[in-house]
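Engineer: Prediction below, plus the sequence it came from.
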Amino acid sequence: MNANLTRLAEQRERLIAHAAAQRTALGHAIEPLRTPLSIADQGLAALRFIKRHPAWIVGGVVLIAAVRPGPAGKWLGRGWLAWRIVQQLRGK
């Protein structure tokens with residue numbers, strides 16, 4: 001039984017060393033993708049924020065329309081109306 005435990009302990013040590021080598025190799029392989037993945041992560045965070053706070057986007061567009069009125073004001077009014085109708089239908 002003792003020989004069996006020794007063999008299992010040696011196998012465990014080999015597997016741990018192999019896993020550590022694989023983690024190191026994976027880290028080196030992923031390094032060039034670190035910056036693009038970081039940018040994509042920031043973009044997803046921005047989309048989540050917009051999804052949780054759509055009123056901020058509407059407010060920003062209304063502010064731009066107030067500063068620079070023109071044909072956009074007509075479309076913004078329609079957009080605002082459509083947004084309010086959707087919100088009322090959703091019960092918010």
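Structural biologist: Good, I have the coordinates. Numbers count the residues shown, from 1 in each chain.
Engineer: where do the helices sit along this structure?
Structural biologist: Secondary structure of the chain (DSSP state H): helices at 2-30, 34-52, 54-67, 71-90.
Engineer: will you turn these into TSV that also has mean neighbour count?
Structural biologist: Placement of C-beta: from N, CA and C, glycine included. Listed next are these as TSV, based on neighbours: other CB atoms under 10 Å:
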stretch	mean neighbour count
helix 2-30	10
helix 34-52	10
helix 54-67	12
helix 71-90	11
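Engineer: Tabulate these (a markdown table), appending mean pLDDT.
Structural biologist: Output for those, formatted as a markdown table (pLDDT from 0 to 100):
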| stretch | mean pLDDT |
| --- | --- |
| helix 2-30 | 94 |
| helix 34-52 | 91 |
| helix 54-67 | 78 |
| helix 71-90 | 81 |
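Engineer: Check the gap between the closest residue to Ala65 other than its chain neighbours and Glu31 for me.
Structural biologist: Take Ala65 and drop its neighbours on the chain: the residue closest to it by CB to CB, 6 or more residues apart in numbering is Leu76, 4.5 Å away. Using CB to CB, to the nearest Å, one obtains 45 Å as the distance from Leu76 to Glu31.
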